[in-house]
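In: Structure for the following, please:
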Amino acid sequence: TLSSSSLALNTPPLSILAAKAVRLACSSGALRDAHFIINSLHASNHPDASEPVKLPFMPPFQFTPIPFDKPISPRLSAHVMLHHIIRNDSPLKAYETAQILINKGIPLRQATLLKVTNALLQAPPTVFSVLKEKGASMFRSPGYLSDSLPINPDAVQDDGLRFALTLLLTARENRRQCSDRAFEALVNFCLLQGEIIMGSLLFVLLVKDYESKAQKAQEIKAMITEQEICQGVPSPQLIDRWKDLIRLNIPSKRLLKAITQQCEEELADDSEDRDEALQALANLACLVDSRSMPFSDISHLLRVLYSCPKLPDMVVLVDGSTVNAYQYFHRVIFGLLQDLPTRKAKDPPHKHQGKRRHVMPPLSRETYNSLVHYALRHRLSVSLAQDTLHHMEHVRRPTLKPDTTTYNIIVRSGTLLRRNDIASFAVAELRKLKENSDHGIAVPSGTPHRHPLPGSGSQSLSKLLAVSPASSNIPADMYTLTSYVSHLTSTGNPHVVASILFHVLPELTIVDHPAWGDNPPSVHERAMMARRARQERIQRAVRLGPHFFTSVLNALCKAGKTGLAERVWLLAKQAEKISWLKGGNEGLEVVEGWCLPVHAYTIMMQVYAAEARKGLCVRTRLPVASLEIGDHKWQPRTDRKDKVKGWAHYVLAKDKIASRHRSRRTLGLRMGAVLYRSMFRGARDIYDTLTRIVPNAQPRVYNLRPDARFFNAALEMFGRQPVMIRRSTRPRPAHWRQKERKAMVRYSRRGVVSRNGNPFLQRVVQGMLDAGFEVPMAYRRLFLGTWLYASMNRPGAPVVNRQPFAFPRPRQRFSPHALPTLKERGLPIQRSEWKKVGHGWKHRRR
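Out: A predicted model of the protein is given here:
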């Protein structure tokens, strides 16, 4: 190969003249002459070479090189010919030419490698398919490259990507500098083609190269320091080498975000095809485990890692070992919590105090917040969160202070852990600040403040969260308000949310609805509210976001405020559509907005199901003695709560007949049917509205996917029929199998079908089957004789376990009237166990 010293002795004018001659020969079509010039230049540097440079598209010929007095570099001439091939010929010829030049020791510039790579990636598939049909030798399987990473180009399906990957790996194997932009282009193309594993391996390769060069820079810096101490003046060669190494660019963080985002999307889907996403995440987790990740903000990667469901899938690590993906991800995060990076990679060696050197810098505040969330929600450990905050505030250099996100995490996680002393303390600290005096959390709730228990570990955590009103600037945001509303709901005070709702959410006054809560305004006050700027209030409602509306709806559902919940729902639907529009200089334009999650629809379904059940008349099983006497007549009981007041405004405004009767049962079912249809048509309605306002817009609105809890709420509403027997409190599978057998006998012998079904229940069951769920056992016999597919015992998709890491293995519970679900929040303790603990412990904590 050509050394740097030999290249320095070359004559630049002759090399430039040779490159001009090659350019003229290529432009005139005399590629053989250009080939001859390049071989002559190569022979001037290697006079003892046995074979000349043989290009794939040139026929063999007798070669007698041009004699030169001095060695002349063929690099410039080879680049001229290679660029001509890229512009005018097939990208496969450019690939073969680049391979031969690299193997012959002619170094290629990084920009040239990038051009060849882009030409291969952008080549049409017909180029490769023609060669495959002809059985070209170019498609032979490339040999494994000796590298610590298991990168095999044969594992790639796309032909252009395979050739580009082989070219860059060959250049790297021959110790040529490969452009980071070329590897980044490969990673982006891998993600575009769905080759997520190969994309993650290439990113790991980039990071490992950066790590090795950064560690080499540290060693050279130590040698320079030693020479300064011993000799007084360091070696100029070492200084130049050190300066070249510290000018290295860190791999683009955008690649890490793209890979983790694609993995997150695949893991969010409950399909069984998650192997590639788990393997790609394992490749990235290895960088965190070895402290090779060169970024301070890895919060998104950590969130994707600890959000992985509990799956039995195995992954292969970089060292070749096989481990369980779920256990490995949590082991990596827990190891990071135990050994948080403190010093920068460029610090002198004496600052590392004998610890292993790594390139991971001190973590950012966002990463610390993710770790605190992991410690509280997945490890259920207040002490672990306290150690993380202590490291952030006192050990890290430079130190960091908690921000608004930290307090939001403490409020929400403390509520779920039933450590309301911690949550109340965090809210009280935020109320001290002047910038939060007009925020929703400053509204007095009427609940007593709980101080941390003396002698508990939460006192140390409270010291870390204590703020100084004079020096702190931690403004509360909409997530703080959402966590506060959820805190009130979880602590058994949802009625407080209903009482302060119009103070926290004054935008409700723009909704035309008869429900005004416990403190209705006067006629004059309503007129004043109507004069205020509607556009300004609806924009503030847009900024609140979907999670806030979901938490408020949950609180109103628990408080039994159906009218207020309906009012908040109407405001949320208006804000949902407005969030996709933005006023510009040329009028309205479509932007990326938000949609209400399926949890909001589930809560409203539960609200209407509760109202419909109030007007439901059921009958109980009579004792055998009453049946023998003959006194078994059943009389419906008139309920004083059967009439509707203050809700179902949509149906009452649309239907005059319904406004006369106002049956609670009828209106509840009608509102539930409207809500069920709106959930499936929500994205389509938004799309139609936006295209009607902005005709040329193409908004990317995604359809909502109903989950098991949504279907359970729908079954709770439409599965109960009048005059049905009250459900058993302790059902068993044998009991329902016996009912199925009896129904089959009645149908087979007498053709009798069930009369307890209704058409909308059949629509709900059809939606369950389309979503991949099974039909609960209690509803199968209702469709016997009318719908064979629903009456069969068809197994559904398995339940994906997304519980926190500290939760034990869930027990199998039989529920004949609902789909199986798992508890994913709070503590792994059932309500019956809380009752056994006692009333005193509950109130001691609260």
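
In: With just CA atoms, put the host helix or strand of E716 into PDB.
Out: Using DSSP states H and E, the element containing E716 is helix 708-718. The C-alpha coordinates for helix 708-718 follow below in PDB (Å, rounded to 0.1, in the frame of the first residue of the first chain):
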ATOM      1  CA  ALA A 708     -59.800  -4.400  26.200                       C
ATOM      2  CA  ARG A 709     -61.000  -1.900  28.700                       C
ATOM      3  CA  PHE A 710     -63.000   0.000  26.100                       C
ATOM      4  CA  PHE A 711     -64.800  -3.200  25.100                       C
ATOM      5  CA  ASN A 712     -65.400  -4.100  28.700                       C
ATOM      6  CA  ALA A 713     -67.100  -0.700  29.200                       C
ATOM      7  CA  ALA A 714     -69.200  -1.300  26.100                       C
ATOM      8  CA  LEU A 715     -70.100  -4.800  27.300                       C
ATOM      9  CA  GLU A 716     -71.000  -3.400  30.700                       C
ATOM     10  CA  MET A 717     -73.500  -1.000  29.000                       C
ATOM     11  CA  PHE A 718     -75.000  -3.100  26.200                       C
END
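
In: The helix or strand that it is followed by - contacts with which helices or strands?
Out: Counting by DSSP H and E, the next helix or strand C-terminal to helix 708-718 is helix 733-750. With contacts taken as 3 or more C-beta pairs under 8 Å, 6 or more residues apart in numbering; DSSP states H and E, helix 733-750 sits against helix 777-780. Glycine gets a C-beta too; all of them are placed from N, C-alpha and C.

In: what residues does the helix it packs on touch?
Out: With C-beta atoms under 8 Å, 6 or more residues apart in numbering as the test, helix 777-780 has contacts from 715, 719, 731, 733, 736-737, 740, 761, 765, 790-793, 816-817.

In: What's the ChimeraX line that selects buried ones from these?
Out: ChimeraX command restricting the contacts of helix 777-780 to the buried ones, with burial defined by 16 or more other C-beta atoms under 10 Å:
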select :715,719,736,740,761,765,790,791,816,817
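
In: tally of neighbours for the closest residue to C263 other than its chain neighbours?
Out: Nearest non-adjacent residue to C263, counting by C-beta to C-beta, 6 or more residues apart in numbering: A277, 4.3 Å away. The tally of other residues near A277 (other C-beta atoms under 10 Å) stands at 26.

In: Surely A277 and I259 touch.
Out: No - A277 is beyond contact range of I259, at 9.6 Å (criterion: C-beta atoms under 8 Å).

In: For this protein, which segments count as strands?
Out: Ranges of strands within the chain are 314-316, 322-324, 581-584, 587-590, based on DSSP state E.

In: what sits against the spatially closest residue to Q227 that is not a sequence neighbour?
Out: Spatial nearest neighbour of Q227, chain neighbours left out: P234 (4.3 Å); criterion: C-beta to C-beta, 6+ apart. Residues in contact with P234 (C-beta under 8 Å, 6+ apart) are 223-224, 227-228.

In: Now the buried members of these.
Out: Using 16+ other C-beta under 10 Å, the buried members of these are I224.

In: Can you tell me which of the contacts of P234 lies closest to K104?
Out: Proximity of those to K104 (C-beta to C-beta) peaks at M223, which lies at 34.8 Å.

In: From what I see, that closest one and L238 are in contact.
Out: Yes - if you go by C-beta under 8 Å, M223 and L238 touch, sitting 6.0 Å apart.

In: For the stretch 251-400 of the chain, give me the ranges with low pLDDT.
Out: For the stretch 251-400 of the chain, the stretches with pLDDT under 70 are 270-272, 343-357.

In: Let me know how buried the nearest residue to D273 once chain neighbours are set aside is, in neighbour terms.
Out: The shortest distance from D273 to any non-neighbouring residue, by C-beta to C-beta, 6+ apart, is to E266 (7.7 Å). Close neighbours of E266, defined as other C-beta under 10 Å, add up to 19.

In: Alright, calling it a day.
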